[in-house]
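Colleague: have a look at this fold, sequence not included:
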Ligand SMILES: Nc1ncnc2c1ncn2[C@@H]1O[C@H](COP(=O)(O)OP(=O)(O)OP(=O)(O)O)[C@@H](O)[C@H]1O
């Protein structure tokens with residue numbers, strides 16, 4: 001079991017925050033376009049500048065090599081990057097069950113990356129991330145390109161993963177109904193501050 005803690009953590013252009021996300025817990029984050037949500041996720045993943053401390057399972061990011069931190073802290077960007085030609089080349093295992101739960105046939109592992117649709121790409125990027133079993137999920141609008149059925153599948157899969165693996169989730173979503181469905185603990189960026197979401 002892990003959990004994510006931020007201690008006086010500052011993403012680019014944002015005031016410092018203290019935040020604790022328990023193992024298995026999902027916290028949502030919203031805010032106007034350009035308010036700094038993506039950059040905060042990238043800062044926690046150690047990909048953008050930051051100050052203050054972040055800890056997984058009580059271990060500070062400063063006490064481990066950056067590669068170990070990035071292995072434990074899984075970032076799902078809004079637009080995924082694919083660096084090889086074939087889908088299967090991006091997976092460690094052959095995640096048939098995971099793909100089925102995302103409504104994807106195992107055949108898709110043999111597809112060329114260049115042919116996958118934006119919704120397939122989004123689900124495959126999630127499968128690729130979960131395949132690596134991160135202890136923390138930083139999710140940047142993971143259902144933005146999906147229809148309602150696939151959105152429901154993805155929400156259930158992510159929340160079940162969090163429960164089964166004790167993973168902590170920070171989930172960026174612009175959809176107020178989704179935020180209420182998936183989390184009791186909702187945050188928003190207002191100006192440069194992160195606070196409890198109004199009317200949450
Ligand atoms: N590498 C960078 N250097 C400087 N500024 C940047 C950089 N990347 C993004 N920005 C700016 O930082 C601000 C926050 O960007 P960010 O992508 O975090 O917004 P966001 O809240 O995720 O927006 P959206 O909801 O539109 O995805 C924006 O004004 C953006 O132009």
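Modeller: Received the coordinates, thanks. All values reported here derive from a predicted model rather than from experimental measurement.

Colleague: phi first, then psi, for residue 18.
Modeller: Dihedral pair for residue 18: phi -110, psi 130, per degrees, to the nearest 10.

Colleague: how deep is it tucked in, by neighbour count?
Modeller: Using other CB atoms under 10 Å, residue 18 has 11 other residues around it. Glycine gets a C-beta too; all of them are placed from N, C-alpha and C.

Colleague: for residue 5, helix, strand, or coil?
Modeller: strand (DSSP: H, G, I helix; E, B strand; the rest coil).

Colleague: next up, phi/psi of the residue lying closest to it once chain neighbours are set aside, please.
Modeller: Counting by CB to CB, 6 or more residues apart in numbering, residue 5 lies nearest to residue 55, which is 4.4 Å off, once chain neighbours are set aside. Note on residue 55: backbone dihedrals following degrees, to the nearest 10 are phi -130, psi 140.

Colleague: report the contact partners of residue 55.
Modeller: Neighbouring residues of residue 55 by CB atoms under 8 Å, 6 or more residues apart in numbering: 4, 5, 7, 61.

Colleague: state the pLDDT value of it.
Modeller: Per-residue pLDDT puts residue 55 at 97.

Colleague: measure it to the ligand for me?
Modeller: Between residue 55 and the ligand the computed distance is 22 Å (CB to the nearest ligand atom, to the nearest Å).

Colleague: low pLDDT regions in the protein?
Modeller: Scanning the chain with the threshold set as pLDDT under 70 gives 1, 199-200.

Colleague: burial measure for the spatially closest residue to residue 60 that is not a sequence neighbour, as a count.
Modeller: Closest residue in space to residue 60, ignoring its immediate chain neighbours: residue 53 at 5.4 Å, by CB to CB, 6+ apart. Taking other CB under 10 Å as the criterion, the count of residues near residue 53 is 14.
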